[in-house]
Structures are given as C-alpha cells and as structure tokens.
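>>> could you look at this predicted model? Sequence included:
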Amino acid sequence: MKGRIVTWLGLLLSAGLLAWIATRFDLTAAAAALKVADLGWLAVATVVYCALFALRGVRWSILLSPLAPVSWSTAAEVFVVGFMANNVLPARLGDVARAYVLSRRRSIPAAGTFSSVMLERIFDGIIVVAFLNAVLWVAPPDGAWIKPVAYLAALVFVGALAACAIAAFFEAPMLAILHRLLGRGALAERLCGLVERLGRGLHALKSPAQTAKVVALSVVVWSIEVVVYVLVARAFGLDLPLLGLVLTMCLLTLGLVAPSAPGFLGVFETVVVQALALYGVAGDEGLAYAVTLHLIHYVPGTLLGLAFAWKSGLRLGELRAAARAPSAAEPCPASTP
C-alpha cells in the first residue's frame with residue numbers, strides 16, 4: 001500500500017512538473033537549441049558517462065567483499081540492471097532489484113547485498129554534499145534556499161553513515177540485546193537472522209583500507225560525473241563556471257530523492273533548469289541542456305541494463321517481484337548470560 005502511494009505521488013509530481021515546463025517554456029525554441037548541439041561533444045559525454053558504470057562496479061565489489069568475492073565486472077553488470085529498473089519500473093525498485101539479481105547470480109543473501117547498496121548510496125550522498133558545501137564556501141550563488149538544503153542533507157547522510165558504523169562495529173552486542181528482547185522462537189530467530197545478514201553488508205566499514213578505497217572511488221566517480229556536465233555544456237556552447245556545473249550536479253542528485261515517475265521524468269528537467277538559472281542560462285536553452293543531459297543519463301544505461309538482464313535470463317516481471325522476494329532466515333547467535 002505504501003509503495004502504491006509513493007508511486008502515485010511520483011506520477012502526480014512528474015505530471016505536474018511536465019505541465020509546468022510545457023506552459024513556462026517555449027518548447028519550439030528549446031527544440032531549436034537541441035538541433036544545434038555539437039554531436040561530437042555529446043558522443044564523448046555519453047562515453048564518459050558509460051565509463052562510470054565500470055568504476056561503480058569496482059566500488060561496489062569492495063563493499064561486497066565481506067559477503068563474498070564478486071568481480072568488478074559482475075558488480076557493474078548487476079548495477080546497470082538495477083539502474084535500468086529504476087528507469088523503467090515504478091516505486092524505485094532498482095536498489096531492491098540489484099540485491100535480488102546478485103543473490104540469484106552468486107547465492108549471496110539478498111539482505112546483506114541490500115545493506116551494501118544502501119551503504120553505497122550513503123557514500124554517494126556524503127561526497128555530493130561535500131562538493132555542494134565546497135561550492136557554497138568558495139563561490140556561493142544567489143539563492144537563500146540552497147544553504148539549508150546543503151546543511152540538512154549533510155546532517156542526514158553523516159547521521160546515516162554514523163548509524164551504519166555503529167551497526168558494523170557493535171554488531172555482536174546489538175544482536176545479543178535483540179535476542180534478549182525477542183526471546184526464543186521461530187519468529188525471533190528469523191528476525192535476528194535478518195538483522196545479522198543486513199549487518200554483514202556493512203562490514204566494509206570495519207576495514208580502514210576498504211573504507212578509504214570506497215571514499216576515493218566515490219570522489220573519482222562524482223568528479224567524472226561533473227566532466228559529463230562540462231562536456232554537455234560545451235556541446236551547447238554554454239560558458240558556465242565549473243563550480244556552477246558542480247552545483248547543478250549536486251542539486252540534481254539530491255533532487256532526485258523526491259518521488260517521481262520512472263526515469264525521474266519532469267523532476268530531472270526542473271532541477272537542472274532551476275540550477276542553471278542561477279548562472280544566467282535562459283530557460284529555453286537550459287531546458288534543451290536538461291533534456292540532453294537526461295537522455296545521456298537515461299538511454300545508454302537503460303539499453304545496457306536490458307541487455308544484461310536478457311543475458312542473465314531475467315524478465316522485468318521478475319524485477320517487479322524482487323521487492324517481495326524472501327531471503328532465507330539464519331539463526332541469531334545465542335546471547336551470553
């Protein structure tokens with residue numbers, strides 16, 4: 001029921017924003033701007049963006065290493081399948097789909113895989129918020145609403161990372177307390193097993209070396225993401241400051257947390273247009289930039305995800321059912337008296 005409510009809210013928000021765009025901007029002028037974009041720069045931007053899938057695969061394989069050895073290529077393929085699921089299915093099933101697909105391919109508990117995905121998202125959020133606050137410190141744009149967003153996001157992601165670290169480092173005491181509270185019985189054992197498997201997906205935090213690698217790769221990933229924005233701006237001949245494009249990337253990444261239709265339709269374009277407006281980019285030109293950037297983010301990953309899903313023998317219906325896919329419960333270690 002909750003999932004359906006979020007889905008409908010997302011559809012309504014996307015529909016409302018698309019209607020706002022249609023009435024607010026000259027779509028003919030935006031289409032004309034699209035036609036004059038340099039296809040060479042857009043092709044380079046697309047290749048650079050696709051290279052990020054490999055880097056994300058390397059990073060996720062590190063986060064998965066406490067659960068099982070997973071090659072970066074396998075991690076990248078599963079990541080792209082989840083990316084595709086977010087683009088074509090409602091209710092943001094991509095992250096759940098990743099856990100389901102990897103558990104199917106490598107027999108890794110889905111709960112542990114899912115918590116590693118959430119940890120990956122937290123690292124993404126922390127790096128993006130760090131970039132955003134750096135921009136606000138060095139060259140803050142007009143817009144009083146940006147600082148509260150940056151500070152709130154920092155609080156949320158740092159708090160989430162702290163909670164994950166506590167769960168990873170104090171797993172045994174927490175399980176012991178949970179076991180005492182729940183007592184004995186099949187339900188208690190099942191719940192404790194689920195908590196234990198979720199905790200395993202956070203064990204990369206217990207290794208300083210692994211954590212440092214994940215942080216470094218996260219910085220590289222989001223720095224290359226900025227390069228994509230720069231290349232698209234070059235294709236349109238936009239003379240935008242680098243920090244302005246960094247801020248646009250950060251605001252878009254945080255804005256996509258809002259519920260939307262599959263593929264972030266409407267939300268994506270609105271956030272990019274509003275961010276570019278801070279740097280004097282006209283609405284129609286900004287809309288052309290936003291649509292092009294959205295296509296680069298949407299089309300290659302969706303096609304690759306469909307190809308990898310087909311390679312794995314998966315159907316979209318199976319990914320829809322991934323949220324309901326059960327994982328085998330494991331007994332919780334007995335607590336000490």
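Yes, it's here.
>>> report how many residues lie close to residue 220.
Using other Cβ atoms under 10 Å, the number of residues around residue 220 comes to 15. Placement of C-beta: from N, CA and C, glycine included.
>>> how near is it to residue 56?
10 Å (Cβ to Cβ, to the nearest Å).
>>> now residue 182
Residue 182 is 37 Å from residue 56, by Cβ to Cβ.
>>> have a look at the two and say which one is more surrounded.
Neighbours were tallied for residue 182 and for residue 56 using other Cβ under 10 Å; the higher tally belongs to residue 56 (21 against 15).
>>> where does the closest residue to that one other than its chain neighbours sit, in terms of helix or strand?
Closest residue to residue 56 in three dimensions, ignoring its sequence neighbours and counting by Cβ to Cβ, 6 or more residues apart in numbering: residue 79, at 5.3 Å. Secondary-structure assignment from DSSP states H and E places residue 79 in helix 72-88.
>>> buried residues of the helix or strand following that helix, list them for me.
Stepping forward along the backbone from helix 72-88, the first helix or strand reached (DSSP H and E) is helix 94-106. The neighbour-count check on helix 94-106 (16 or more other Cβ atoms under 10 Å) flags 94-104, 106 as buried.
>>> okay, the residues you listed in CSV with pLDDT and distance to residue 136 next?
Putting the buried residues of helix 94-106 into CSV (pLDDT from 0 to 100; distance: Cβ to Cβ, whole Å) gives the following:
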residue, pLDDT, distance to residue 136
94, 82, 30
95, 83, 29
96, 84, 34
97, 85, 35
98, 87, 32
99, 84, 35
100, 84, 38
101, 87, 38
102, 88, 37
103, 83, 40
104, 81, 43
106, 82, 42
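>>> coming back round to it: and the residue nearest to residue 56, what does it touch?
By Cβ atoms under 8 Å, 6 or more residues apart in numbering, the residues touching residue 79 are 53, 56-57, 60, 98.
>>> please report how far it lies from residue 262.
18 Å.
>>> mean pLDDT per element in the protein, and the minimum belongs to which helix or strand?
In the chain, the helix or strand scored least confidently by mean pLDDT, DSSP states H and E is helix 316-320, which has a mean of 69.
>>> OK, contacts around the nearest residue to residue 121 once chain neighbours are set aside?
Among residues not flanking residue 121 along the chain, residue 95 sits closest, at 7.3 Å (Cβ to Cβ, 6+ apart). Counting by Cβ under 8 Å, 6+ apart, residue 95 makes contact with 82, 86, 114, 117-118, 121.
>>> mind checking how far residue 93 is from residue 78?
From residue 93 over to residue 78 (counting by Cβ to Cβ), the distance is 14 Å.
>>> same check on residue 177?
Using Cβ to Cβ, which is the criterion applied here, residue 177 is 34 Å from residue 78.
>>> looking at the two, which is more packed in?
Each of residue 177 and residue 78 has its neighbours counted (other Cβ under 10 Å); residue 78 has more, 30 against 12.
>>> surely that one touches residue 103?
No: taking Cβ atoms under 8 Å as the definition, residue 78 is not a contact partner of residue 103, at 9.8 Å.
>>> out of the contacts of residue 79, flag the one nearest to residue 14.
Taking Cβ to Cβ as the measure, residue 14 sits nearest to residue 98 out of these, at 23.0 Å.
>>> give me the low-pLDDT residue ranges for the stretch 1-150 of the chain?
Regions of the stretch 1-150 of the chain meeting the criterion pLDDT under 70 cover residues 1-4, 6, 91.
>>> any chance you could map the helices in it?
Counting by DSSP state H, counting those that start in this stretch, the stretch 1-150 of the chain forms helices over residues 2-24, 27-35, 39-64, 72-88, 94-106, 110-138, 146-169, given from the N-terminal end onward.
>>> between these, which gets nearest to residue 283?
Shortest distance between residue 283 and the helices of the stretch 1-150 of the chain, using Cβ to Cβ, is found for helix 2-24: 6.9 Å.
>>> dump that closest one to CSV, restricted to CA.
Output in CSV follows, covering the C-alpha atoms of helix 2-24 (Å, rounded to 0.1, in the frame of the first residue of the first chain):
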residue,chain,number,x,y,z
LYS,A,2,2.8,2.4,0.9
GLY,A,3,4.6,1.6,-2.3
ARG,A,4,1.5,2.4,-4.3
ILE,A,5,1.1,5.8,-2.5
VAL,A,6,4.7,6.7,-3.3
THR,A,7,4.2,5.6,-6.9
TRP,A,8,1.1,7.7,-7.4
LEU,A,9,2.8,10.7,-5.7
GLY,A,10,5.7,10.4,-8.0
LEU,A,11,3.5,10.2,-11.1
LEU,A,12,1.5,13.2,-9.9
LEU,A,13,4.7,15.2,-9.2
SER,A,14,6.2,14.3,-12.6
ALA,A,15,2.9,15.2,-14.4
GLY,A,16,2.7,18.5,-12.6
LEU,A,17,6.3,19.5,-13.4
LEU,A,18,5.9,18.5,-17.0
ALA,A,19,2.8,20.6,-17.3
TRP,A,20,4.7,23.5,-15.7
ILE,A,21,7.5,23.1,-18.2
ALA,A,22,5.1,23.0,-21.1
THR,A,23,3.4,26.2,-20.0
ARG,A,24,6.5,28.0,-18.8
